[in-house]
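In: The sequence and its predicted three-dimensional model are supplied below.
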Amino acid sequence: MTGFVDVLRGAVADVSTFPADLATAAVDRSGARPDGLPLAVVRAVDVADVQATLRLAGEHGVPVVPRGAGTGLAGGALAGRGDVVLDLSGLDRIVEIDADDELAVVEAGVITAELDRAARKSGLRYAPDPASAELSTIGGNIATNAGGMRCVKYGVTREAVLGLDVVLADGRLLHTGRRTVKGVSGLDLTALFVGSEGTLGVVVGATVRLRPQPERTLTAAAAYDSVEAAARACSELIRERREPSLLELLDGATLAVIDRAHGSGFAARGRALVIAQADGPAADSEIAAIADVLGREATWSERGVDAESSERLLFARRMALPSIERFGRALIEDICVPRSRLADAFRGVERIARDHDVAIYAFAHAGDGNLHPIVAYEGPELPDAVRRAGDDLFALALELGGTVTGEHGIGLLKRGWLAREAGPDVTAVYGSVKAALDPHGILNPGKGF
């Protein structure tokens, strides 16, 4: 493959084969390890670099792994022996903020939080808010259809994407979607590419919807003597048709590790914690109604009366994962169940922890049933007990009528479980779509489906 790298260097300015660069580009945040170092890393600085890379890779049958910031948790950006990594982080321009039409045009390498900060200068914001927002790229968010804490009101990334610029496997540049809020002409190719994890085409740019920045955001928090009581409170909010902009649930194990890391006293208030927010012009009345529901079975409750106190009440949720990772390694999992089965899911997580004698910390975007069970372990390698616990977590999700991922994607690590969830007929259709758009199978092979 040395000859291919030479050809690639003739077409693209920045191609690296230095072992340190290859090692960095080979992995993502999933903790999984590929079967060797990739062949080369292409650092694209414009769309032409992406087109040239894919055109040449297709001609030579070389697999290409698109990469943003490497924050993925399902192994979607793992690159092994013989792969070329296509690094899109250099495509980092915010091309346009259109305040009148409430949209932005961005390149794929723009950091999510930077787009949000740019939009706020016009009184707008980018609503999707993955936990990795300060690090992850818009292209990576689109590839995995990323979520976040505001999804309960504003939806996942898909709801924010109006149009895409996508380079196909043969190097053609495709423009999908529109700049209008509505539009139903033709097949919805934009939706097809969102969440496809770089297996159907490489997203190089996007037109995304912006939202008005809320004039007011208020918070309520409540502790409970059991995670079942906390889950019941969240379900009651849904039944009473309340509209939180954020609804998070943390279990007792998570509260205890936050206390251990920060000297706080969350676990003393109860064995589970619910945090809710309401935003917009009706935030005061909405948070009052939410707080009333949350307080019915609570052992402790509090309302944030301003931005400072609201942010303080969010501290536990923001510190959950950093606190866990402070004391060792973590397998960060992601399942989603019907909201009515949330209590069953938390009970199932506790059972799985006991069955495998592992520590599992669980917190959830309770408003949409998306749980993050975090399995802690020590040492550089993933223990068998942790791996078996992860499999049982996916089985639990399917048993409860849910899905094996709510926002992290399938990547390399969940392919077998997607096959169980979707069934052979659906996966066959996936394969047909893949074959139509990537007939030589060069785009992120082995990932997604």
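Out: Yep, it's here. In this text, all values refer to a predicted model and were calculated from it rather than measured experimentally.
In: domains of this structure?
Out: Per automatic domain parsing, the structural domains of the chain span 2-87, 94-212, 217-399.
In: can you give me the offset of the first one from its chain's centre?
Out: Okay, so that is domain 2-87. Domain 2-87 has its C-alpha centroid displaced from the chain centroid by 22 Å (Cα atoms, centre = their mean, to the nearest Å).
In: Could you dump the domains of the chain into TSV with distance to S432 and mean neighbour count added?
Out: The C-beta positions use only the backbone N, C-alpha and C, and glycine is treated the same way. Converted to TSV, the domains of the chain look like this (distance: least, Cβ to Cβ, whole Å; neighbours: other Cβ atoms under 10 Å):
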stretch	distance to S432	mean neighbour count
domain 2-87	19	20
domain 94-212	12	20
domain 217-399	24	20
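In: between those domains, which one is nearest to D438?
Out: Closest to D438 of the domains of the chain, according to Cβ to Cβ: domain 94-212, at 4.3 Å.
In: circling back: how about the domains of the chain in JSON lines, adding mean pLDDT and distance to D438?
Out: Listed next are the domains of the chain as JSON lines, based on pLDDT from 0 to 100; distance: least, Cβ to Cβ, whole Å:
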{"stretch": "domain 2-87", "mean pLDDT": "96", "distance to D438": "9"}
{"stretch": "domain 94-212", "mean pLDDT": "97", "distance to D438": "4"}
{"stretch": "domain 217-399", "mean pLDDT": "95", "distance to D438": "26"}
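In: how about TSV for these, with distance to L418 added?
Out: Compiled in TSV, the domains of the chain are given as follows (distance: least, Cβ to Cβ, whole Å):
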stretch	distance to L418
domain 2-87	10
domain 94-212	11
domain 217-399	10
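In: quick one: which of the ones you listed is nearest E421?
Out: Among the domains of the chain, domain 217-399 comes nearest to E421, with 5.9 Å by Cβ to Cβ.
In: now the end-to-end length of the closest one.
Out: 37 Å (Cα to Cα, to the nearest Å).
In: before we move on, back to that, the domains of the chain: which one's closest to P445?
Out: Across those, P445 has its closest neighbour in domain 2-87 (5.1 Å, Cβ to Cβ).
In: Out of the domains of the chain, flag the one nearest L437.
Out: With Cβ to Cβ as the criterion, L437 lies closest to domain 94-212 of those, at 4.7 Å.
In: how about stretch 287-307 as PDB, C-alpha atoms only?
Out: Extracted in PDB, the C-alpha atoms of stretch 287-307 (Å, rounded to 0.1, in the frame of the first residue of the first chain):
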ATOM      1  CA  ILE A 287     -41.300  25.000  36.900                       C
ATOM      2  CA  ALA A 288     -43.800  25.600  39.800                       C
ATOM      3  CA  ALA A 289     -46.100  22.900  38.400                       C
ATOM      4  CA  ILE A 290     -43.100  20.600  37.800                       C
ATOM      5  CA  ALA A 291     -41.800  21.200  41.400                       C
ATOM      6  CA  ASP A 292     -45.300  20.400  42.700                       C
ATOM      7  CA  VAL A 293     -45.300  17.000  41.000                       C
ATOM      8  CA  LEU A 294     -41.700  16.200  42.000                       C
ATOM      9  CA  GLY A 295     -42.300  17.100  45.600                       C
ATOM     10  CA  ARG A 296     -45.200  14.600  46.200                       C
ATOM     11  CA  GLU A 297     -42.900  11.700  47.200                       C
ATOM     12  CA  ALA A 298     -39.700  13.600  47.700                       C
ATOM     13  CA  THR A 299     -37.500  13.400  50.800                       C
ATOM     14  CA  TRP A 300     -36.000  16.700  49.900                       C
ATOM     15  CA  SER A 301     -36.700  19.300  47.200                       C
ATOM     16  CA  GLU A 302     -35.500  22.800  46.100                       C
ATOM     17  CA  ARG A 303     -36.200  25.300  43.400                       C
ATOM     18  CA  GLY A 304     -33.700  27.500  41.600                       C
ATOM     19  CA  VAL A 305     -34.900  31.100  41.700                       C
ATOM     20  CA  ASP A 306     -32.300  32.500  39.300                       C
ATOM     21  CA  ALA A 307     -29.500  31.400  36.900                       C
END
